[in-house]
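Participant: build the 3D model from these lines:
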Amino acid sequence: MTKEQLTYDVVIIGAGPGGMTAALYASRANLSTIMIEKGAPGGEVLNTAEVENYPGFSLISGPELAQHIYDGAMRFGAEHVYGNVERIETHERVHHVYTADKVYIAKAVIIATGSHHRHLGVEGEERLAGRGVSYCAVCDGFFFRNKHVVVVGGGDSAVEEGNYLTQVAEKVTIVHRRDELRAQKVLQERAFANPKIEFIWDTVVEEIQGEAAVSSLKLRNVKTNEISELSADGVFIYVGLLPNSEVATDLDITDEEGWIITNELMETRVPGIFAVGDVRQKHLRQIATATGDGAQAGHMAYQYITSL
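Facilitator: Okay, here's the model as predicted:
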């Protein structure tokens, strides 16, 4: 079947904060611009209960902030469609972006596909996914009202979501493989001061147990190798991120872990292909850094196109 072909100046793959900001800057530069997103606009921001470190807002919910950014992105004529990008083919002056039924032909492509939560890879994790195993406290916290939940991890996401879960759960236990947290100090202080939160240090999860739902965790102390069992009604896993960079697999623009390599101008090694936000090889993955990436990429797409 011949796929429908559509031509734009800029195609943006993904509609998280980085992608939406890129759409704002590209369309404001009078470039025909389209965002292709397989879910709701906003990306991981939609799974964040409260955002308190985004400039201009002392406190705002993730979905509300996503809506603000989306409204701004669409002001200057950018388009937004739902679709799942399968691959990108590079050509000398244009690139072809393939979905199931269409081919988008563009002078510039901005990859803004984000990342996803790393799994523990232990027995019971996949089997009990959605039955007590979760990677999103905002999405699933409600189901654990007045119950005991475990959060695995020690970074910003783990501690922040642990604090959030105390609003519904009776008790939250944070299990961390080290003897101190990696989260920002302000998040640590809140967690340590929260009477509903307990900590288990130097410990990893060996198995998630339960039949129809999570009932307990098998734990191992990394220093003593002592095995213990912890009863729990649910487990929320925050042990890092992996890039959603499958669309770039054949472009030779990623590092060994799949993060897309760019310079400070968001340019990849392929002329006319840029990357922004959490899919990019970078040190800090935050909403503010994603929008900064998007602004730079939108501007550089204009510079690139006008130089052709």
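
Participant: which other helices and strands does the worst-scoring helix or strand of the chain on mean pLDDT contact?
Facilitator: The helix or strand of the chain with the poorest confidence is helix 137-140; it has a mean of 89 (mean pLDDT, DSSP states H and E). Packing contacts for helix 137-140, counted by 3 or more C-beta pairs under 8 Å, 6 or more residues apart in numbering; DSSP states H and E, involve helix 156-165, strand 234-237. Backbone N, C-alpha and C define where each C-beta goes, glycine included.

Participant: pull out the buried residues from the shortest one.
Facilitator: The reference is to strand 234-237. Using 16 or more other C-beta atoms under 10 Å as the test for burial, strand 234-237 gives 234-237.

Participant: and for it, what's in contact with it?
Facilitator: Residues from elsewhere that reach strand 234-237 (C-beta atoms under 8 Å, 6 or more residues apart in numbering): 117, 119-120, 125, 132-137, 140, 143-144, 147, 149-153, 158, 161-162, 165, 205, 208, 214, 217.

Participant: what about those, which are in helices?
Facilitator: 137, 140, 158, 161-162, 165 (DSSP state H).

Participant: these: which two are farthest apart?
Facilitator: The largest distance within those, taken as C-beta to C-beta, falls between 140 and 158 and amounts to 15.0 Å.

Participant: the two: who's more crowded?
Facilitator: Taking other C-beta atoms under 10 Å, residue 140 and residue 158 do not tie; residue 158 has more neighbours (26 against 18).

Participant: list the contacts of the more buried one.
Facilitator: Counted by C-beta under 8 Å, 6+ apart, residue 158 has contacts 151-152, 174, 176, 183, 236, 238-239.

Participant: if you set the cut-off to 7 Å instead, what comes out?
Facilitator: Neighbouring residues of residue 158 by C-beta atoms under 7 Å, 6 or more residues apart in numbering: 151, 174, 183, 238.

Participant: per-residue confidence at the last one?
Facilitator: At residue 238 the predicted local confidence, pLDDT, stands at 96.

Participant: and if you look at residue 3?
Facilitator: 90.

Participant: could you give the number of residues near residue 80?
Facilitator: Using other C-beta under 10 Å, residue 80 is surrounded by 18 other residues.

Participant: could you list the buried residues of the longest helix seen in the chain?
Facilitator: In the chain, assigned by DSSP H, the helix with the most residues is helix 287-307. For helix 287-307, the buried set under the neighbour-count rule, 16+ other C-beta under 10 Å, comprises 287, 289-302, 304-305.

Participant: follow-up on the earlier one: comparing the helices and strands packed on helix 137-140, which gets the lowest mean pLDDT score?
Facilitator: For the helices and strands packed on helix 137-140, mean pLDDT drops lowest on helix 156-165, to a mean of 95.

Participant: show me which pair in the contacts of residue 158 is furthest apart.
Facilitator: Spatial extent of those (C-beta to C-beta) is set by the pair 151 and 183 at 11.2 Å.

Participant: more neighbours: the two, which one.
Facilitator: Per other C-beta under 10 Å, whichever of residue 151 and residue 183 has more neighbours is residue 151, with 29 against 24.

Participant: pretty sure that one sits against residue 172.
Facilitator: Yes. Between residue 151 and residue 172 there is a contact under C-beta atoms under 7 Å: 6.1 Å.
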